[in-house]
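>>> Okay, sequence plus prediction incoming.
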Amino acid sequence: MSIDTLKSTISKRGGLAKANRFNLIFSSPASGILNLSGGVLSSWSSGGGVGTLINDPRDISLLAENVTLPGRQISTIEYIAEKQTVKIPYGIINEDVTASFLLTNDYYIKNMFDDWLKVCFDVENYRAKFKDDFAVDVVIQQLNEKNLPVYGVRLEKAFPTTVASITLDNNSESTVQKLSVTFSYENYVPEGPVSSIVSAIKSAVSGII
């Protein structure tokens, strides 16, 4: 193995994947075409004007600072064979997905997840809602240098289980506010470039039409 062989292998496979090239696509079931979650006054006071009143699914992906592609573990039991103990698979465990978002002055992302949590669980009546009413498909894509998907994962029936706290601090004058969210889901489906694009379009428009 030489450095030239390594460079040739990387080149023929399109180069190395970059961690900062990704898409996170979904639309909250609490969303609509109009962004009214924070109120009209909040949208205008943020200085964004009329543009802040429109829900654009692309904003979510642009404000996503990082997200994890899910892992999967095979659950096994030990079986005593004739000569040794072997492991037999009997199920799978999917890892939760964590994402971090930049917060804008209209608190768009925070308001969106607050409203989503209300759809998941009615705090006032302390009653859980039907899962089909609050679970959506979430699409995560690895992009190449041309911003085209090379690999995608579709999280089926995903919803936020943890919306982390936000720290306000007088000693952090130049610190940008961020929000960490953990998603749970029923299953994840690896997808190729074309199928991932189709899933992304469906997921993006599902909550606003």
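Alright, I've got the coordinates.
>>> Pairing partners for the spatially most central residue of the chain in the sheet, please.
Closest residue to the average C-alpha location of the chain: L24 at 5.2 Å, with Cα atoms, centre = their mean. Using DSSP bridges, the bridge partners assigned to L24 are I140.
>>> How much space separates it from E145?
19 Å (Cβ to Cβ, to the nearest Å). For the C-beta atoms, the positions are set from N, CA and C on the backbone; glycine is no exception.
>>> Then S206?
Taking Cβ to Cβ, one finds S206 at 29 Å from E145.
>>> Mind checking which of the two has more residues around it?
Shown here are S206 and E145; by other Cβ atoms under 10 Å, S206 has more neighbours (16 against 12).
>>> Nearest spatial neighbour of the more buried one, chain-adjacent residues omitted?
Excluding the flanking residues, the one nearest S206 by Cβ to Cβ, 6 or more residues apart in numbering is S27, at 5.4 Å.
>>> show me the contacts for the one you found.
Going by Cβ atoms under 8 Å, 6 or more residues apart in numbering, S27 touches 55, 57, 60, 136, 203-208.
>>> make it 10 Å
55, 57, 60, 112, 136-138, 202-209 (Cβ atoms under 10 Å, 6 or more residues apart in numbering).
>>> Ok, K202 next?
25, 27, 137, 139, 154.
>>> Please, a PyMOL command that selects the buried ones among these?
Burial among the contacts of K202 is assessed by 16 or more other Cβ atoms under 10 Å; the matching PyMOL selection reads:
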select buried, resi 25+27+137+139+154
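>>> picking up where we left off before, I'd guessed the residue nearest to the centre of the chain sits against I109; true?
No - here L24 does not reach I109: they are 11.4 Å apart, not a contact under Cβ atoms under 10 Å.
>>> which residues are in contact with both of those two?
In contact with both L24 and I109: 60, 63-64, 99, 101, using Cβ under 10 Å, 6+ apart.
>>> With secondary structure, neighbour count and pLDDT added, can I get the residues you listed in TSV?
Putting the shared contacts of L24 and I109 into TSV (DSSP: H, G, I helix; E, B strand; the rest coil; neighbours: other Cβ atoms under 10 Å; pLDDT from 0 to 100) gives the following:
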residue	secondary structure	neighbour count	pLDDT
I60	helix	23	93
L63	helix	17	96
A64	strand	19	97
A99	strand	21	98
F101	strand	23	98
